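Student: Build me a structure from this.
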Amino acid sequence: MFHTEPEPCRARAEQVAEGILRIVASNPGKMTYHGTNSYIIDTPDGRFILDPGPAEDSAHFEAIVENLGGNPAGILVSHHHSDHFGAVPGLRERTGLPVYVSRAFPDDAFQPDGFLEDGQRIAGLTVLHTPGHASDHLCFARLDGVLFTGVA
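Tutor: From the prediction side, this is the model:
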């Protein structure tokens, strides 16, 4: 038996848990399910966006910008695949937010503001290096048991 969920709204933030907004990109497919999930996470250090999504989805990009709120703090990237990372350069340019990626991030053409390592804490989240889906793949765990896996 497979777990399914209704088709989500796109280009609109929906609260999925306390302090967590989800925005689903318009790129449904075999690898992305209903579309890439971008999360805006309230942290002790301000709001972080996790996986801004694909570069070519302008409605998704604008929904992220509109929901960053008054205390945006940074951009986290779970891995380098374009459906998760593609909008990062544009979002950094638009907002001036620092970008944090895995120490194993393979793109020499992109210069992040910080590298993340297994076990490190950032903004109340524990970084977990989980290679497999991608060599630089990271998960992020909150103390309340929420785990951001960055796979869809």
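Student: How far does the lowest-mean-pLDDT helix or strand in the chain sit from its chain's centre?
Tutor: Sorted by mean pLDDT, DSSP states H and E, the helices and strands of the chain end with helix 82-85, the least confident at a mean of 93. Distance, stretch centre to chain centre, for helix 82-85: 9 Å (C-alpha atoms, centre = their mean, to the nearest Å).
Student: Just the buried residues of that helix, please?
Tutor: Of all the residues in helix 82-85, those buried under the rule 16 or more other C-beta atoms under 10 Å are 83, 84, 85. (Glycine included, C-beta is placed from N, CA and C.)
Student: Report the next helix or strand after that helix in sequence order.
Tutor: Downstream of helix 82-85, the next assigned helix or strand under DSSP states H and E is helix 88-95.
Student: Give the bridge partners for residue 10, please.
Tutor: residue 24 (DSSP bridges).
Student: surely it meets residue 25?
Tutor: Yes. Contact criterion C-beta atoms under 8 Å: residue 10 and residue 25 qualify, at 6.9 Å.
Student: I'm done for today, thanks for sticking with me.
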